[in-house]
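A.B. asks: Predicted model and sequence below, questions to follow.
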Number of protein chains: 2
Amino acid sequence: MTLFDVARAAGVSKSTASDALQGSGRVAEATRERVRAAARELGYRPNSAARSLRRSSTGAIGLHLPRTATRLEYYMNLAFGAVERAREDGLDLVLLAPGTASGGGLAARVDGLLVIDPEVDDPEVPYLLGSGVPVVTGERYLGGGVAPSGAVVCDNAASLASLLDHLAARGARRPALLAPGPGSDWAAALRAAAADWTRQQGVEVTVRTVPFAATPAEAEAATAELLAGTPGLDAVVCAPDGAVPGVLTAAARAGLRVGADLLVAACVDGPAARGASPQVTAVDLRAAQYGRACAELLSDLLAGAAVPGVVRRHDWALRVRASTAGHG
Amino acid sequence: MTLFDVARAAGVSKSTASDALQGSGRVAEATRERVRAAARELGYRPNSAARSLRRSSTGAIGLHLPRTATRLEYYMNLAFGAVERAREDGLDLVLLAPGTASGGGLAARVDGLLVIDPEVDDPEVPYLLGSGVPVVTGERYLGGGVAPSGAVVCDNAASLASLLDHLAARGARRPALLAPGPGSDWAAALRAAAADWTRQQGVEVTVRTVPFAATPAEAEAATAELLAGTPGLDAVVCAPDGAVPGVLTAAARAGLRVGADLLVAACVDGPAARGASPQVTAVDLRAAQYGRACAELLSDLLAGAAVPGVVRRHDWALRVRASTAGHG
DNA sequence: TAGCCATGCCGGAACGTTCCGGCAATACGC
DNA sequence: GCGTATTGCCGGAACGTTCCGGCATGGCTA
């Protein structure tokens, strides 16, 4: 089932058949339709290898996720959003194994790369950026070297500010933030936003560092210390969503009612936040749309429909739940 | 940077260069080494499109995950295991978007498919099985139609039996199981194993149905009802790992000490089980290895190193933690 | 009517690889 | 020393597509 078969069925040459199906070249509308019909009839599928060879493009993009793959639901949904969007432009999405990059030959197999939440200490990122194909990052890359061709960013500072505003509106007077160290754009933005908010509102936000992939137990310990050491503490924002249950446990241990005595929120929405009891208020990064946006930007870049260096913004949404019902 | 350049550098023809690098044909060992050196020197990477065209194989396999993507960590790790193993055989792994299958043309782009935890009510599965390329399923497919070319299965019945044995050894006399309905091979095996164990040990295992992607809240409600309605209940096995925290909450509400008054375990290991306090005993399906095994089987099938219809087993391991420390 | 341009279609080459048939040159039998 | 295998290498075709140059045809202007 090749283009030649279609051409023969439609009574034209393979060149004309190709032109007709590609929409290129000068082809009479009647002929074009005839070829299309023949292709449909025969169930013709262009051979992607031949097309790739001729066009010298692979028709695929690569996806790189952080090694410390925490925030699982987030990345999973992001990946599915990206693959769906890529598909719409006829692009396959190939998953990059950690360790793939330095294996070499990668650039030969994909037309472009999606690098999500690039961490400064991920040794693969510089390699990917230098691979010669367009790269779109999800969130900014804080390391140096070759700049990515594009980025899709969330305004994480704004989302945390909004979260803190929300807590204040619900009666919180003394909030704290559990956040990872500033190794990623996301965490760095959160810390900066906390400092800003402290300045602007005159209310100090106590920041405590927890691991990027903090476990509930770690969050519990951190929260317990915070509760013990901070008189009047009445709200905790836990940046990594997976650790949220630990905050609730610590609250329960201290005899505090979550949502009343202690407000709790997370900077990433996920199963842990939604599944907790009470359910926890969180910032929804809308992962699937985020993935779509990244794939779309890369696709635009590849098609020349976006200029290299472009940065697009991605919206978030605050999901208010019982854990921040309010004091009283 | 083509094979031709390498050939010229090594002072041979492109045919000889190809033979030398592929290991095929009759080539003097000295020549072979000379060509290899030239290729290394020049950083030669074979053009995958040309190779695919010539060999009429794409060099990629597709991965299909369940739509209801719960057990996130599990699937994520499985996917990374698969991509890593595929890579070792020079295969790319392309992520299939839900909805991709019926889009058609899929079979033209991959040499084989990995279909993980095929659910009977997933409309894409029959399409994938009928796509004409070899398919390996992770766990069996309970629906009909074209049979897969291979499968990698876990002995879920044995793992639950082992878990129940463990609970009994730790003093449990009256265990219960929270499991999804029998729509997947996994859940069906668990239910059957519970029935078997009941017969063999003469100890009844109360089975209660929860959703496949049960939330902690749902597990909490189920556990509370179970505790209220089952005098002497002293152990709960929660099949879906994500729901485990709900069981712990219910226990706390009932004033039971987890690990002493009530033993708790899960049939899938994951962040929820590991991150809970106390940490929860669980069956580790070793997702990454599972993914590796699936990719390996497909690769073997493609290479003719495994016969169609083969079923391989995959080992699990019981991770004993504080939640089943023992009565007393 | 001669010259011209636009239109519609086609032939052929190229993309980089693999692999088959063939051709020297050497090795082996007697 | 001749005939026959065997070894080592090469030329060329093929995979299915895209795209450039070219060739009729026919309508237009002058």
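C.D. replies: Noted; the coordinates are in hand.

A.B. asks: what about the least confident helix or strand in chain A by mean pLDDT, distance to the chain center?
C.D. replies: One helix or strand of chain A scores below all others by mean pLDDT, DSSP states H and E: helix A:271-275, with a mean of 83. Distance, stretch centre to chain centre, for helix A:271-275: 18 Å (CA atoms, centre = their mean, to the nearest Å).

A.B. asks: which other helices and strands contact that helix?
C.D. replies: Judged by 3 or more CB pairs under 8 Å, 6 or more residues apart in numbering or on different chains; DSSP states H and E, helix A:271-275 is in contact with helix A:244-253, strand A:281-284. Quick note: C-beta positions are derived from backbone N, CA and C, even for glycine.

A.B. asks: of all the ones you listed, which lies closest to chain B?
C.D. replies: Proximity to chain B (CB to the nearest CB) singles out helix A:244-253 among the helices and strands packed on helix A:271-275, at 5.6 Å.

A.B. asks: Please name every helix or strand in contact with the closest one.
C.D. replies: helix A:216-229, strand A:235-238, strand A:263-266, helix A:271-275.

A.B. asks: what does chain A put close to DNA strand D?
C.D. replies: A:2-4, A:14-15, A:18-19, A:21-22, A:24-25, A:44, A:46-47, A:50-51, A:53-55 (CB under 7 Å from any atom of the strand).

A.B. asks: Start and end of stretch A:269-288, how far apart?
C.D. replies: 12 Å (CA to CA, to the nearest Å).

A.B. asks: Hmm, A:Val135 is touching A:Leu129, no?
C.D. replies: Yes. A:Val135 lies in contact with A:Leu129 (CB atoms under 8 Å); the separation is 5.6 Å.

A.B. asks: So between these two, which is more surrounded?
C.D. replies: A side-by-side neighbour count of A:Val135 and A:Leu129, using other CB atoms under 10 Å in any protein chain shown, places A:Val135 first with 27 against 23.

A.B. asks: separation between the more buried one and A:Glu119?
C.D. replies: Distance, A:Val135 to A:Glu119, by CB to CB, to the nearest Å: 15 Å.

A.B. asks: Please apply the same query to A:Val125.
C.D. replies: Counting by CB to CB, the gap from A:Val125 to A:Glu119 is 7 Å.

A.B. asks: Equivalent analysis for A:Asp185, please.
C.D. replies: Taken as CB to CB, the span from A:Asp185 to A:Glu119 is 9 Å.

A.B. asks: Which residue would be the closest one in chain A to DNA strand D?
C.D. replies: A:Leu3 (2.9 Å; CB to the nearest atom of the strand).

A.B. asks: Which pLDDT value goes with A:Ala161?
C.D. replies: For A:Ala161, the model assigns a pLDDT of 97.

A.B. asks: mind exporting the helix or strand that contains it as PDB, just the C-alpha atoms?
C.D. replies: Taking DSSP states H and E as the definition, one finds A:Ala161 inside helix A:156-169. Provided in PDB are the C-alpha atoms of helix A:156-169 (Å, rounded to 0.1, in the frame of the first residue of the first chain):
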ATOM      1  CA  ASN A 156       4.300  30.600  40.600                       C
ATOM      2  CA  ALA A 157       5.000  33.700  42.500                       C
ATOM      3  CA  ALA A 158       1.500  35.000  41.700                       C
ATOM      4  CA  SER A 159      -0.100  31.700  42.600                       C
ATOM      5  CA  LEU A 160       1.500  31.600  46.000                       C
ATOM      6  CA  ALA A 161       0.700  35.300  46.600                       C
ATOM      7  CA  SER A 162      -2.900  34.500  45.800                       C
ATOM      8  CA  LEU A 163      -2.800  31.500  48.100                       C
ATOM      9  CA  LEU A 164      -1.500  33.700  50.900                       C
ATOM     10  CA  ASP A 165      -4.100  36.300  50.200                       C
ATOM     11  CA  HIS A 166      -6.700  33.600  50.400                       C
ATOM     12  CA  LEU A 167      -5.400  32.400  53.800                       C
ATOM     13  CA  ALA A 168      -5.400  35.900  55.100                       C
ATOM     14  CA  ALA A 169      -8.900  36.500  54.000                       C
END
